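Colleague: Sequence first, then the predicted structure, then my questions.
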Amino acid sequence: MLDPRLAKDTIAAIATPPGDGGVGIIRISGSQCRTVATALFRSVNPHFTDFVPYRLHYGHVLDAHGAELDDVLCAFIPGPKSYTGEDIVEINCHGGRTILSTVLEEILRYKVRLAERGEFTYRAFMNGRMDLSQAEAVAEMIHAPTKAAMHLAQVKRSGLLGQKIAHLRTQLEQLRAQLCIAVDFPEDELECLSPEELIETSASVRTEITELLAAVDRTKAWREGALVVLAGRVNAGKSSLMNALLGRNRAIVTDQPGTTRDYLEESINLDGLTIRLADTAGIRATNDVIEAAGLEKGRELMEQADLVLLLADGSAPLTEETLTTAATLDPQKTLFVLNKADLKDFSNETAAPLANNDFESITISAKTGQDIDTLCARIRERILHGEGQPDPDELAPNARQAAILADAAHELSGLEQDAAANIPYDLLSVRLETACTTLSGITGEIASNDVLNAIFDTFCIGK
C-alpha cells in the first residue's frame, strides 16, 4: 500500500527480474541516493572525485568493512529530469541473485527503505513526470503478451492518450464557460448559447469518446490474448489436437475415455497473437464427482471463451452429447472441428446437422497433422474478426479507462437529452461538470488513494 507520507524516503529495489543473468540492476531514488552511492562505491579511476551525471563509472561496491562485494557500473541521474523526478542512482551488478540481494542489503543499512510495488513509477506520477495513463502504460508494456500489445502500450506511454483526454476536456470546459455566461447574463444575446449548439458540441465530444471505446473491443485480443476452449465428447481428439497445436505432448492421449478429468491450459502464438488453449474434460454422463466438477468447469470456460473449438469424431455419427452441447453455444463464437480425417470411415457429411444451424466447420486429423495449419489460420481470423494488426498509432484504453469513458459518454448523452427538453442551464452545467471531472480520472488529476493503490499494486517491485 503506497503511503503519500513516505514519499520523501529514499528507496531502493532490484529493478531486474528474479533469477540469474549477465547483469542485474539496483535502483535507488531519493535525496540521499548520491550520498549512499558515494559511501558504497570505490572507482578504479584514481582521479575519481564525484559522480558525473549520466555517465557510467566503473568500480567496486564495498561492504561496511571495506570488503569488495562486486565490481559494478554506477550511474547518477539527477532530478528533476530522471524517471522518478528525483535524484536516482543505478548500480549495474553481475546478475546473480545472491550478489544482488547482498548489495541491496548493504544499501538498506544507510536508512534507505525497500521500495513498494510500483513506487518508482508512482513517484514519477506524483512528481509530474507522467500522467496516470502513462503510468498504467508502463505496466502494460511490461506485461504485454504480444508485440502489437507492446506498441499499443507505447502509444499511451508517449502521452497521446493523455493529450486526447485533455483535448476533450478543453472542449467541455469551453462549453461550461459558455453555459456560465448564459446563466449569468441571460439577456446578452451575443453571448447566449443555444440548446442546439450545446447539443452539437456535446455530441461531437461523445462521438470521439465512442471512437476510443470502439478501439477497446477492436484491440482486446492483441492486448490481453484470447481464450480458445477445446470441447467435445470423450475421445473426440481434444488432447491430441492440444498436442498438435502446441507441437509437443502436453496432454495425455490414450484410448481410455475420460483421461482428461479437469482442464489443461497452455499458450501458443499465432502469427503474433497470443492464444490461451484450454483442453476440457470430455463430455459424457458420469457419476464420478471429480469428473462432474471438471465438466462443470468446462462449461464455465466455454461461456468465457473468445472461441470454442467443438470437436467430433468424423468417422462416426454425431452423438447426442455433441448436439446438446452445440445447442448451448453461439455459432458466432464456435468453430466445429471434424477430427480423424485419417480414418477410412471418415465422412464430411457428419457435420451436416450443425451446418444447418450456421456452425462453421473445418476438417482435420490431429493425429497426422492434416490441415492443422489451416485450422490455426482460421482460429486467428475468427478471433480477430478478419481484421489485421492494429494501427501503429491506435489509442486503446484499458478496462479502467474504458469504464471512465463510458461514464462520461453516458453523462453527455443525458446532457443532450436534458438540453432538448429545455432543462434550465444551471442544471445542465452540473452534468457537464460531472463529465469533465469523470474524464480527469483517466489522467489522474482527480484520483483517490484507493484507485492509485489499485493501479500501482499491479506493478513489480523495482518499477
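Modeller: Yes, it's here.
Colleague: Mind giving me the packing neighbours of the helix or strand containing residue 377?
Modeller: Following DSSP states H and E, one finds residue 377 within helix 372-384. The contact analysis (3 or more Cβ pairs under 8 Å, 6 or more residues apart in numbering; DSSP states H and E) places helix 372-384 against strand 226-232, helix 238-246, strand 264-270, strand 273-279, strand 307-313, strand 334-339, strand 360-363. To be clear about C-beta, it is placed using only N, CA and C from the backbone, and glycine gets the same treatment.
Colleague: who does whatever helix or strand comes next after that helix touch, helix- and strand-wise?
Modeller: Scanning forward in sequence from helix 372-384 by DSSP H and E, the next helix or strand is helix 399-420. The elements that helix 399-420 packs onto, with contact taken as 3+ Cβ pairs under 8 Å, 6+ apart, are helix 132-143, helix 195-224, helix 425-443.
Colleague: picking up where we left off before, could you dump the helices and strands packed on helix 372-384 into JSON lines and include distance to residue 439 and mean pLDDT?
Modeller: Converted to JSON lines, the helices and strands packed on helix 372-384 look like this (distance: least, Cβ to Cβ, whole Å; pLDDT from 0 to 100):
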{"stretch": "strand 226-232", "distance to residue 439": "30", "mean pLDDT": "90"}
{"stretch": "helix 238-246", "distance to residue 439": "43", "mean pLDDT": "87"}
{"stretch": "strand 264-270", "distance to residue 439": "35", "mean pLDDT": "87"}
{"stretch": "strand 273-279", "distance to residue 439": "31", "mean pLDDT": "90"}
{"stretch": "strand 307-313", "distance to residue 439": "34", "mean pLDDT": "90"}
{"stretch": "strand 334-339", "distance to residue 439": "38", "mean pLDDT": "90"}
{"stretch": "strand 360-363", "distance to residue 439": "41", "mean pLDDT": "90"}
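Colleague: can I get those in TSV with mean neighbour count?
Modeller: Listed next are these as TSV, based on neighbours: other Cβ atoms under 10 Å:
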stretch	mean neighbour count
strand 226-232	25
helix 238-246	23
strand 264-270	15
strand 273-279	22
strand 307-313	25
strand 334-339	26
strand 360-363	17
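Colleague: Of these, which is nearest residue 380?
Modeller: strand 264-270 (4.6 Å; Cβ to Cβ).
Colleague: Output the helices and strands packed on helix 399-420 in TSV; the columns should cover distance to residue 14 and mean pLDDT.
Modeller: Below are the helices and strands packed on helix 399-420 laid out as TSV (distance: least, Cβ to Cβ, whole Å; pLDDT from 0 to 100):
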stretch	distance to residue 14	mean pLDDT
helix 132-143	15	93
helix 195-224	28	92
helix 425-443	30	90
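Colleague: Can you list the low-confidence ranges for the stretch 1-150 of the chain?
Modeller: 1-2, 4-5 (pLDDT under 70).
Colleague: how distant is the helix holding residue 377 from the center of its chain?
Modeller: 23 Å (Cα atoms, centre = their mean, to the nearest Å).
Colleague: Present the helices and strands packed on helix 399-420 as a markdown table; the columns should include mean neighbour count and distance to residue 81.
Modeller: Shown next, in a markdown table, are these (neighbours: other Cβ atoms under 10 Å; distance: least, Cβ to Cβ, whole Å):
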| stretch | mean neighbour count | distance to residue 81 |
| --- | --- | --- |
| helix 132-143 | 21 | 16 |
| helix 195-224 | 17 | 30 |
| helix 425-443 | 20 | 21 |
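Colleague: would JSON lines of those with distance to residue 73 be doable?
Modeller: Formatted as JSON lines, the helices and strands packed on helix 399-420 follow (distance: least, Cβ to Cβ, whole Å):
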{"stretch": "helix 132-143", "distance to residue 73": "23"}
{"stretch": "helix 195-224", "distance to residue 73": "35"}
{"stretch": "helix 425-443", "distance to residue 73": "36"}
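Colleague: Which of the ones you listed sits closest to residue 93?
Modeller: Among the helices and strands packed on helix 399-420, helix 132-143 sits nearest to residue 93 (Cβ to Cβ), with 21.0 Å.
Colleague: so what secondary structure elements neighbour that closest one?
Modeller: Helix 132-143 packs on helix 119-126, helix 147-157, helix 160-184, helix 399-420, helix 425-443, helix 449-456, going by 3+ Cβ pairs under 8 Å, 6+ apart.
Colleague: The second one to helix 160-184, inter-axis angle?
Modeller: In this structure, helix 147-157 runs at an angle of 40 degrees to helix 160-184, with axes from the mean of the first three to the mean of the last three Cα atoms, to 10 degrees as the basis.
Colleague: Kindly report the same for the fourth one.
Modeller: Taking the same axes, to 10 degrees, helix 399-420 and helix 160-184 form an angle of 20 degrees between their directions.
Colleague: Could I get the average pLDDT for helix 399-420?
Modeller: On average, the pLDDT along helix 399-420 is 94.
Colleague: picking up where we left off before, what lies in contact with the helix holding residue 377?
Modeller: Contacting residues not belonging to helix 372-384 are listed as 221, 226, 228, 244-245, 270-271, 273, 275, 306-307, 309, 335, 337, 360, 362, 364, 366 [Cβ atoms under 8 Å, 6 or more residues apart in numbering].
Colleague: in that helix, what's buried?
Modeller: 372, 375, 376, 378, 379, 380, 382, 383, 384 (16 or more other Cβ atoms under 10 Å).
Colleague: with these in mind, which one is nearest to residue 443?
Modeller: Once Cβ to Cβ is applied, the member of the buried residues of helix 372-384 that ends up nearest residue 443 is residue 384, at 30.0 Å.
Colleague: what's the distance between the closest one and residue 270?
Modeller: 10 Å (Cβ to Cβ, to the nearest Å).
Colleague: Also residue 361?
Modeller: From residue 361 to residue 270 the distance is 20 Å (Cβ to Cβ).
Colleague: cool, and residue 47?
Modeller: For residue 47 relative to residue 270 (Cβ to Cβ), the value is 57 Å.
Colleague: what residues are up against the residue lying closest to residue 317 once chain neighbours are set aside?
Modeller: Nearest non-adjacent residue to residue 317, counting by Cβ to Cβ, 6 or more residues apart in numbering: residue 350, 6.6 Å away. Residues in contact with residue 350 (Cβ under 8 Å, 6+ apart) are 312, 313, 314, 315, 316, 317, 318, 338.
Colleague: What of residue 368?
Modeller: Applying Cβ under 8 Å, 6+ apart, the residues near residue 368 are residue 342.
Colleague: Let me see the backbone angles for it.
Modeller: Residue 368 adopts backbone torsions of phi -90, psi -10, taken as degrees, to the nearest 10.
Colleague: And the pLDDT at it?
Modeller: Looking at residue 368, the pLDDT reads 90.
Colleague: Could you do residue 183 as well?
Modeller: For residue 183, pLDDT reads 67.
Colleague: Could you do residue 320 as well?
Modeller: Looking at residue 320, the pLDDT reads 82.
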